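1. coords below, sequence missing:
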């Protein structure tokens, strides 16, 4: 596999469910990111990890819980979501450092019913 | 605070026409970085170009060219002789050098439709 992969590609969950999104990068990068892309808002950065340490949390509700066990893997654990959380969730990776281009995965299309 | 504006929500052109996508940014930093990404229907954002604030040279890559002007805080993207495969949503993004410089702020995107 090459680049950044994400699973699942589509997910439908009820508000009481718990699910996880997975991201894996095969680029040798040491920074990973979660973004949310919803229909009516610009792409929003949610979390940043550098060398497995979280360095940015953009006021994301606690029902979203990230986990980065190593520099190649990133998870987003979801629980008690709301319908407004329905969106495309994109993972990205880059080398650590300012102004370095980020490489994105194909995203997980999440629908909360 | 950093901000990116892409005033054109949607543009339609006929194949082989040239098209320019506008991007205007706001930042208080003297060191910053600008990017363009393409998002085809498959959903994955594809990196196109990166520019830092100290390099105002325009760049050309095949049918793509970029015009960076600090005086007007703009970083516009031109596609020459457009093709149907250029149909996508295009995003301009900004990151400031402070605080790790990884906090990308994206514009709302411009949806480009190239008609055959």
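-> Nice, I can see it. Values in this document were obtained by computation on a predicted structure and should not be read as measured data. Residues are numbered from 1 along each chain as shown, chains lettered A, B, ... in the order given.

2. identify the bridge partners of residue 37.
-> Defaulting to chain A. residue A:88 (DSSP bridges).

3. can you look at chain B instead?
-> With beta bridges defined as DSSP bridges, residue B:37 has these partners: residue B:47, residue B:91.

4. can you check the pLDDT for it?
-> At residue B:37, the predicted lDDT confidence score is 97.

5. these two touch, right, it and residue B:50?
-> No. With contact defined as CB atoms under 8 Å, residue B:37 does not count as touching residue B:50 (10.1 Å). Every C-beta, even on glycine, is put in place using the N, C-alpha and C of the backbone.

6. mind checking if the helix or strand of chain B with the lowest mean pLDDT is in reach of chain A?
-> Of all regular secondary-structure elements in chain B, judged by mean pLDDT, DSSP states H and E, the least confident is strand B:59-61 with a mean of 89. No. Against chain A, strand B:59-61 shows no contacts by CB under 8 Å from any CB of the partner chain, the least distance being 14.0 Å.

7. now do that strand: which elements does it pack against?
-> Judged by 3 or more CB pairs under 8 Å, 6 or more residues apart in numbering or on different chains; DSSP states H and E, the packing partners of strand B:59-61 are strand B:46-52, strand B:64-69.

8. so which of residue B:37 and residue B:50 has more stuff around it?
-> The residue with more neighbours, out of residue B:37 and residue B:50, is residue B:37; 24 against 17, by other CB atoms under 10 Å in any protein chain shown.

9. in contact with the more buried one, which residues?
-> With contacts defined as CB atoms under 8 Å, 6 or more residues apart in numbering or on different chains, the neighbours of residue B:37 are A:104, B:45-48, B:90-91, B:93, B:106.
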